[in-house]
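>>> Build the 3D model from these lines:
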Amino acid sequence: MRCLVTGATGYLGGRLVPELLADGARVRCLVRDPARLRDHPWRAAVETATGDVTRPETLDGAFDGVDVAYYLVHSLGTGPDFETVDRDAARAFGRAAARAGVRRIVYLGGLVPPDLPEGALSPHLRSRVATGRALREGGTAVTELRAAVVIGSGSASFEMLRHLTERLPVMVTPRWVDTRIQPIAVRDVLRLLTAAAHLPDDPGTDRVFDVGGPEVLTYRAMMQRYARVAGLHRRLILALPVLTPSLSSHWVGLVTPVPGGLARPLVESLRHEVVRSEHDLERWIPDPPGGPIGFDRSVELALRRVRDDEVATRWSSASLPGVPSDPLPTDPDWAGGSLYQDVRERRVDAPPEALWRVVEGIGGEHGWYSFPLAWVVRGLLDRLAGGVGLRRGRRSPGRLRVGDSLDFWRVEEIEPGRLLRLRAEMRLPGLAWLELTVTPDGTRSCYRQRALFHPHGLAGQLYWWSVAPFHAVVFGGMARNIAARAESDPEADRTAERPHR
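Numbers count the residues shown, from 1 in each chain. As a prediction, the model looks like this:
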């Protein structure tokens, strides 16, 4: 079976492709710019077709030999006329699919109240309904799955929920905070989308299906339960009738990093109760053993990497994704939760071996190569707060291994000669890492230093911004002094004369 996937550079499309490949399908991705696929680990396993759903003349060749086409694109957040753009693009896509003899189009839309006239819907949900109707105009069978809030790192709706809950211990909200919603885990959405490719050619599958998780919750309940899973204090949420969805959408744009053009239509849609009114899809795609994933578990999966004290995929140099709930390197900057960085890079007039000796010897008696008083004070404050302070030192004066304690850090990862990553064990309102990297540059070297901080609630946000003014002195001085120490190493010249292995 050959599947055509649109939106492969987006949130769901980028996660659907590996699921289809694992299911045995041959996959072709329709993209405007093939270069945007280069960071996906599955890039070499798929075909690429260059085209744009808003330009009908570019579509026909993409459908050659295609059995099932996935329509996962929309223009939300691109401008005030996104409804027209969405409708015209879907109509062109449906007609091109029909000309090529595509067996089925699978489309993920938005869950809507069953008895509400289309004209009374928010622009976002109205556009989702109109898109499904436009896809059908060509005559190809369309299986339309309608979902509410998708719970997974990178989902715009989930990221809005995440940032609001983490950043605001006290919230004044409109009445939509008590609207009933049936969220669904991204793993379940992808399971249903993948299985939809195998639906039989039956008139009963050419229709709209409601999909959702096992629980119906208010937005207030979702925020409180997110806070509990994330280990935050219970949130104080006050609903005021005078706050309209339009006004609150501007407030969401200020509080969260989700772009305002995307947040506003999503918030406006929250005035609608979106609960599944049927479960007919189970006739063809049965629920998994144990049923769909519940809300708390889906949040746990979305937070999994941070809770395990791991640097999430898109935050680190890793390129391979874990599971659909994990962040991807191609997710937008506002996805995956807040992660603040201080990055310093320097070219060092010393061979990599000399620079690595300094890096591996850091801490303990050698100190941290910048503003010693600041490190001493930080260690004393940590001890006063019940932490370990600087008293642990280090096991060996010249060598480190994974698991070693290093003052108030722990060695999380070490690649001899190249990488040292330390995880903070001081008392902090969040998680922190310090990553030191050495790379060859001819007979000289490059030094890269990253301090990373994942804040825990509002206290974590305030902590980062309170210490940020001192980073130039502490981290900037650290990078300069490590480089200077390596350049003054008496063994540096002799090391440079030895060939690199």
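>>> Now name the helix or strand holding residue 3.
Secondary-structure assignment from DSSP states H and E places residue 3 in strand 2-6.
>>> Adjacent strands (with direction) for that strand?
Strand pairing for strand 2-6, using DSSP bridges, gives strand 26-31 (parallel), strand 68-71 (parallel).
>>> could you dump that strand to PDB, C-alpha only?
Provided in PDB are the C-alpha atoms of strand 2-6 (Å, rounded to 0.1, in the frame of the first residue of the first chain):
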ATOM      1  CA  ARG A   2       1.300   3.500  -0.900                       C
ATOM      2  CA  CYS A   3       0.200   6.400   1.300                       C
ATOM      3  CA  LEU A   4       0.500  10.100   0.500                       C
ATOM      4  CA  VAL A   5       1.000  12.200   3.600                       C
ATOM      5  CA  THR A   6       0.500  16.000   3.600                       C
END
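>>> And the next helix or strand past that strand?
Heading C-terminal from strand 2-6 (DSSP H and E), you reach helix 11-22.
>>> Quick one: list the elements packing against that next one.
strand 2-6, strand 26-31, helix 186-196 (3 or more Cβ pairs under 8 Å, 6 or more residues apart in numbering; DSSP states H and E). Yep, even glycine has a C-beta here, placed from its N, CA and C like the rest.
>>> Quick one: these as JSON lines, columns for mean pLDDT too.
Listed next are those as JSON lines, based on pLDDT from 0 to 100:
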{"stretch": "strand 2-6", "mean pLDDT": "97"}
{"stretch": "strand 26-31", "mean pLDDT": "96"}
{"stretch": "helix 186-196", "mean pLDDT": "96"}
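>>> can I get those in CSV with distance to residue 257 and mean neighbour count?
CSV is the format used below for these (distance: least, Cβ to Cβ, whole Å; neighbours: other Cβ atoms under 10 Å):
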stretch, distance to residue 257, mean neighbour count
strand 2-6, 26, 24
strand 26-31, 25, 22
helix 186-196, 20, 22
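>>> Show me what counts as buried in the longest helix along the chain.
Of all segments of type helix in the chain, defined using DSSP state H, the longest is helix 82-100. Within helix 82-100, the residues that count as buried by 16 or more other Cβ atoms under 10 Å are 82-83, 85-87, 89-98, 100.
>>> Lowest-confidence entry in those residues?
Among the buried residues of helix 82-100, residue 82 has the lowest pLDDT, at 85.
>>> doesn't residue 126 make contact with it?
No - counting by Cβ atoms under 8 Å, residue 82 stays clear of residue 126, with 10.7 Å between them.
>>> domains for this protein, by residue range?
Following automatic domain parsing, the chain resolves into domains at 2-282+291-315, 340-497.
>>> low-confidence ranges in the chain?
Residues of the chain that meet the criterion pLDDT under 70 lie in 77-79, 242-250, 253, 260, 305-337, 390-391, 490-501.
>>> Next one: residue 3 from residue 203, what distance?
Residue 3 sits 22 Å away from residue 203, going by Cβ to Cβ, to the nearest Å.
>>> can you give me the strands for the stretch 151-300 of the chain?
Using DSSP state E, counting those that start in this stretch, the strands of the stretch 151-300 of the chain run over 170-173, 180-181, 184-185, 208-210, 217-218, 236-239.
>>> Deepest in the core, which of these is it.
Here the criterion is mean neighbour count by mean count of other Cβ atoms under 10 Å, and of the strands of the stretch 151-300 of the chain the winner is strand 184-185, at a mean of 26.
>>> Run through the neighbouring helices and strands of it.
strand 150-151, helix 295-302.
>>> contacting residues for the nearest residue to residue 350 once chain neighbours are set aside?
Ranked by Cβ to Cβ, 6 or more residues apart in numbering and with sequence neighbours excluded, the top spatial neighbour of residue 350 is residue 486, at 4.1 Å. By Cβ atoms under 8 Å, 6 or more residues apart in numbering, the residues touching residue 486 are 348, 350, 354-355, 357-358, 445, 447, 492.
>>> quick check, nearest of the residues you listed to residue 104?
Nearest to residue 104 among these is residue 447, at 54.4 Å by Cβ to Cβ.
>>> Report the backbone C-alpha coordinates of the longest helix of the chain in CSV.
The C-alpha coordinates for helix 82-100 follow below in CSV (Å, rounded to 0.1, in the frame of the first residue of the first chain):
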residue,chain,number,x,y,z
PHE,A,82,-7.6,31.0,6.7
GLU,A,83,-11.2,29.6,6.2
THR,A,84,-11.2,30.4,2.5
VAL,A,85,-7.6,29.1,2.0
ASP,A,86,-8.5,25.9,3.8
ARG,A,87,-11.6,25.3,1.8
ASP,A,88,-10.1,26.0,-1.6
ALA,A,89,-7.0,23.9,-0.8
ALA,A,90,-9.1,20.9,0.3
ARG,A,91,-11.3,21.1,-2.8
ALA,A,92,-8.3,21.0,-5.1
PHE,A,93,-6.8,18.1,-3.1
GLY,A,94,-10.0,16.1,-3.3
ARG,A,95,-10.4,16.6,-7.0
ALA,A,96,-6.7,15.7,-7.7
ALA,A,97,-7.2,12.5,-5.6
ALA,A,98,-10.3,11.6,-7.6
ARG,A,99,-8.5,12.1,-11.0
ALA,A,100,-5.7,9.8,-9.8
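>>> now what about that helix, what contacts it?
The contact list for helix 82-100, computed with Cβ under 8 Å, 6+ apart, reads 6, 53-54, 56, 59-60, 62-64, 66, 69, 71, 73-76, 78-79, 105, 123, 126-127, 130-132, 134-140, 142, 265.
>>> other SSEs contacting the next helix or strand after that helix?
Per DSSP H and E, the first helix or strand lying C-terminal to helix 82-100 is strand 104-110. With contacts taken as 3+ Cβ pairs under 8 Å, 6+ apart, strand 104-110 sits against strand 68-71, helix 82-100, helix 123-136, strand 141-147, helix 186-196.
>>> Hmm, residue 229 is touching residue 303, no?
Yes - using Cβ under 8 Å, residue 229 is in contact with residue 303, at 6.8 Å.
>>> between the strands paired with strand 2-6, which one is nearest to residue 294?
So among the strands paired with strand 2-6, strand 68-71 is nearest, using Cβ to Cβ, at 26.4 Å.
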